[in-house]
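Novice: Sequence isn't available, so here's the structure alone:
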């Protein structure tokens, strides 16, 4: 019985806390393609926009309430249909968790930088 309890408790311990992805340079981050699916009234969307702007990360914002094409793409990326949703060079992030977004942007920046090297 103790063994099962220990296994259950270990399952709750987060593995890999912290990011193994080193920070990218501002120039590298500027090369990352981010599409941000939002609504105008969403305060978390506003926070995500501000986070991207503060770090000089260019993004294309798509309002899912006014753009039917964006709404269709957003629904396919996130069937729960919550905002914000970010597509960071193909990696989909639902909601705004600063550490996840930083890791996704930095990983994409490093991939792009290594792909552009001869």
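Specialist: Sure, I can see it. Since this is a predicted model, take the numbers as computed values, not measurements.

Novice: Going by length in residues, pull out the top helix of the protein.
Specialist: When the chain is parsed with DSSP state H, its longest helix is helix 98-116.

Novice: Show me the shaky parts of the protein.
Specialist: 1-19, 117-118 (pLDDT under 70).

Novice: That one: strands as residue ranges?
Specialist: 34-38, 59-63, 85-88, 91-94 (DSSP state E).

Novice: okay if I get those strands as TSV plus mean neighbour count?
Specialist: For the C-beta atoms, the positions are set from N, CA and C on the backbone; glycine is no exception. Putting the strands of the chain into TSV (neighbours: other C-beta atoms under 10 Å) gives the following:
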stretch	mean neighbour count
strand 34-38	22
strand 59-63	16
strand 85-88	23
strand 91-94	16
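
Novice: Could you dump the ones you listed into TSV with distance to residue 105 added?
Specialist: Below are the strands of the chain laid out as TSV (distance: least, C-beta to C-beta, whole Å):
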stretch	distance to residue 105
strand 34-38	7
strand 59-63	10
strand 85-88	6
strand 91-94	9
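
Novice: residues in contact with residue 62?
Specialist: Going by C-beta atoms under 8 Å, 6 or more residues apart in numbering, residue 62 touches 35, 36, 37, 38, 70, 73, 74.

Novice: beta partners for it?
Specialist: residue 37 (DSSP bridges).
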